[in-house]
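J.: one predicted model, sequence on top.
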Amino acid sequence: MKIDKHLFMVNQPSYPAETESDDYYFNVANRLAEASARVEGIGRWNEAVVARAAVYVVGYYQDVISDAGVWRGFISECRRLYGRTLPFYDTGEEYVDFELNPEDVRFMVWYSLSMLDESRRDLSPLDSFVERLAERWYSILEEGYEEAPLPDEFNIAHGLEVHDPEDAEKLMHLGDWLYKRCWLLAPANTLNMQELVAQLPQKDPGSDEVRNKLKELLDHAINELPTGPLALYLREWVWLTVADRMPPKGRLPKEEGEDHKYYGPFMEATGGERIAFFATYEELNRFFIEALGWTQGEKHLAQLEKESDFVLLIDRHKGLLLAKGVARCIAYPGNPLYDKEYALRHAIELLTVRGRCPHDLMEFVCGGGWLPDARFPGSPDSLIAVENWDFIARCYLQQYYRGD
């Protein structure tokens, strides 16, 4: 297995210019790719996916060697959000902050493979192949760690100040690299880019119309959509990389004082519960009419007539939230539709399939511990998904989870 030089170079901060250390790290990436051929289970994986994963793992390697700030910022934010260094993997006493660690490599292997291979996006972080490949790659990286040349081009954030006007141009260069080509953000951005490309006109890819539309969509994504394993906005990634902290939050909008018009009727109809479950469209439509006072004799939201397994959630100020096809996965007390066997097979989809479960419902359900059966296929239990549900949702769902 060989890695194309352009695939490696395009992810370097200095691209298209080449630096003295490029060949060294390109060779390291090729050593990883070649070593993967001797790992049990490699035959199940597309070579192009493994090659890209090797490039991203070497990007992590270059970052910690140069203390570039990307990995440092990621770890800092994980600790702030979750009170732990890494999702999924425990870090013991031998873990050294912002240096080469086997747990880091294992995370990067899982993250890269699961995000890059659309057919294996449900890859378990505890999959034995992930562990075997990470061990092999870590041994190669550790072997040359002390003698590896400093990749100076990774230091593009060093010495910058987020509020210094004189650094504005360099900060823009940093942001452009982070969003489009950075080894940490690129894997999670794969599906985002696929969705973006799907919006392009079905014409000659080289036409002015397609190029202009692509620029418009990409500009919107960079400015408005979160990305990376934590689904952070570009401004947040820049702050983490430069200042090792999140940007200050603006003032939160005040909630309206009055209750939404459906809040009282909903709570009365459910006996004080914010959530309700409906097996069929007919039951759902009857609730709309009898509980909420919608027009008698009409099929409301008729586009859902052939769907089932509904959940309604009420927010005091936002109003109604509706989800379909998920009620059997939710172990809420008194939910008559909850089906544990079904949930063991499908509950993970609420965290990994875009559009399956709205953000507010996910926070309500997972925050209350009512998605106990979510597990990656092949995992022996659900603990890893239950404990890491927010990270999984951020990583897989991106703007579908954090876009509001």
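T.: That came in fine, so what should we check first?
J.: which non-adjacent residue is nearest Leu351?
T.: Ile392 (4.5 Å; C-beta to C-beta, 6 or more residues apart in numbering). Every residue, glycine included, has its C-beta placed from N, CA and C.
J.: can you count the residues close to that neighbour?
T.: Residues near Ile392, counting by other C-beta atoms under 10 Å, number 24.
J.: settle this for me: it is touching Ile384, isn't it.
T.: No. With contacts counted by C-beta atoms under 8 Å, Ile392 stays clear of Ile384, the gap being 9.0 Å.
J.: burial of Arg354, as a residue count?
T.: Neighbours of Arg354 (other C-beta under 10 Å): 14.
J.: correct me if wrong, but it is in a helix.
T.: No. Arg354 is assigned coil when assessed by DSSP: H, G, I helix; E, B strand; the rest coil, not a helix.
J.: so it makes contact with Tyr396?
T.: Yes. The pair Arg354 and Tyr396 qualifies as a contact (C-beta under 8 Å) at a distance of 7.4 Å.
J.: pass me the low-pLDDT residue ranges in the stretch 51-200 of the chain, would you?
T.: Judged by pLDDT under 70, the stretch 51-200 of the chain has no weakly predicted residues.
J.: where exactly do the helices run in it?
T.: Assigned by DSSP state H, counting those that start in this stretch, the helices in the stretch 51-200 of the chain fall at 70-82, 102-116, 128-143, 168-181, 186-198.
J.: packing partners of the third one?
T.: When contacts are defined as 3 or more C-beta pairs under 8 Å, 6 or more residues apart in numbering; DSSP states H and E, helix 128-143 packs onto helix 22-36, helix 47-66, helix 102-116.
J.: residues making contact with that helix?
T.: Helix 128-143 has contacts (C-beta atoms under 8 Å, 6 or more residues apart in numbering) with 28, 31-32, 35-36, 38-42, 44-45, 54, 57, 61, 100, 102, 105-106, 108-110, 113, 123-124.
J.: stretch 380-388 now?
T.: Under the contact criterion C-beta under 8 Å, 6+ apart, stretch 380-388 has outside partners 82, 87-88, 124-126, 344, 347-348, 351, 366, 369, 371-376, 379, 392.
J.: then stretch 150-163?
T.: 12-14, 19, 21, 25, 62-63, 65-66, 68-69, 167, 170-171, 173-174, 177, 238-239, 241-243, 247.
J.: same thing but at 6 Å, please
T.: Contact with stretch 150-163 is made by 13-14, 19, 21, 62-63, 66, 68-69, 167, 170, 174, 241-243, as judged by C-beta atoms under 6 Å, 6 or more residues apart in numbering.
J.: who wins for neighbours among these?
T.: Busiest of the contacts of stretch 150-163 [other C-beta under 10 Å] is Thr241, holding 28 neighbours.
J.: tell me the strands in the stretch 201-350 of the chain, going along the chain?
T.: With DSSP state E, counting those that start in this stretch, the ranges of strands along the stretch 201-350 of the chain come out as 275-280, 308-315, 319-323.
J.: Thr190: which of these is closest?
T.: Nearest to Thr190, of all the strands of the stretch 201-350 of the chain, is strand 319-323, at 25.8 Å by C-beta to C-beta.
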